[in-house]
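> Next comes the sequence, and after it the predicted model I'd like to discuss.
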Amino acid sequence: MAEQDQGSTNPLRVGLVVAGITGLGVVGPVVGLSPAWIVIFILGGLVAFSIDAAFWQGMGGHILAEALPGGRNRLRRIAVHEAGHLLIAETESLPVQRVLIGTLACIQVGLRSSGATEFTVPERVRMPLEELRRWSRVLQAGITAEKLVYGEARGGADDRALLGRLWGLSGHDADTAQREQRRARREIEQQLRQQLDRLESRAITLLETAPRLVR
């Protein structure tokens, strides 16, 4: 599923703007850049920052962050998350439509997200318990993969929301839903822990497919 919460880039974007303004103020006069041009560059940067926040929900900042030095590390984390979904989906024989790594890949297909593993969501309102268990394992696999590799998960808000919706429509009580989801987390944690090498290998393969502004 779509991952919109891979760590906020607001501090990064603000830092870039501040660094750019500071750099222009210091370096501009030294290299003979007119103060008028410095003001134009600063205003242009602030306008671009505002437009990105207002109309793109900060996606432009994510794309920039992924293109800068260190952006590959960010993309690798996203790839690990999506690789977790992919591995467990294969185990559960749940067809995957496509996997997208990085904000640019998602924007290109019309998604406002940093990464996504897309499935065909069941149309049935009430699924059998075993089918719900299956989805519990697959949808929690990305979060679990991140925790195993990085110690914590940044993505997964959409996964949790969809899983909650599926259980909410199932007719089962909250205690059953929570118990089954805990059980699913234990199962996939054990499974992914035993397949860490495969998880890392699949993440690297996915990472190589991620488009960037600068490769």
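Alright, I've got the coordinates. Numbers count the residues shown, from 1 in each chain.
> which stretches of this structure form helices?
In the chain, helices defined by DSSP state H lie at 10-30, 35-55, 59-67, 71-91, 103-108, 129-150, 157-170, 174-194, 196-207, listed in chain order.
> List the buried residues for the longest one?
With burial defined by 16 or more other Cβ atoms under 10 Å, the residues of helix 129-150 counted as buried are 131-149. (Each C-beta comes from the backbone N, C-alpha and C, glycine too.)
> and stretch 89-104, which residues are buried?
89, 91, 94, 99, 100, 101, 102, 103, 104.
> wait, which of those is closest to residue 167?
Of all the buried residues of stretch 89-104, the one with the least separation from residue 167 (Cβ to Cβ) is residue 94, at 16.8 Å.
> ok, that closest one to residue 135 distance?
Applying Cβ to Cβ, to the nearest Å, the value for residue 94 to residue 135 is 8 Å.
> Tell me who's in contact with residue 172.
By Cβ atoms under 8 Å, 6 or more residues apart in numbering, residue 172 lies in contact with 129, 132, 180.
> okay if I get those residues as JSON lines plus pLDDT?
Shown next, in JSON lines, are the contacts of residue 172 (pLDDT from 0 to 100):
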{"residue": "129", "pLDDT": "92"}
{"residue": "132", "pLDDT": "94"}
{"residue": "180", "pLDDT": "96"}
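> Identify the farthest-apart pair in the buried residues of stretch 89-104.
Greatest spatial distance among the buried residues of stretch 89-104 (Cβ to Cβ): 91 and 104, at 29.5 Å.
> Lowest average confidence across helices and strands of the protein, where is it?
Every helix and strand of the chain was ranked by mean pLDDT, DSSP states H and E. The lowest is helix 35-55, at a mean of 48.
> Quick check: residue 158 vs residue 174, distance?
Applying Cβ to Cβ, one obtains 21 Å for the distance of residue 158 from residue 174.
> More neighbours: these two, which one.
Each of residue 158 and residue 174 had its neighbours counted (other Cβ atoms under 10 Å), and the higher figure belongs to residue 158 (17 against 9).
> Per-residue pLDDT of the more buried one, please?
For residue 158, the model assigns a pLDDT of 90.
> wait, doesn't residue 85 sit right on residue 141?
Yes - Residue 85 is within contact range of residue 141, at 5.1 Å (criterion: Cβ atoms under 8 Å).
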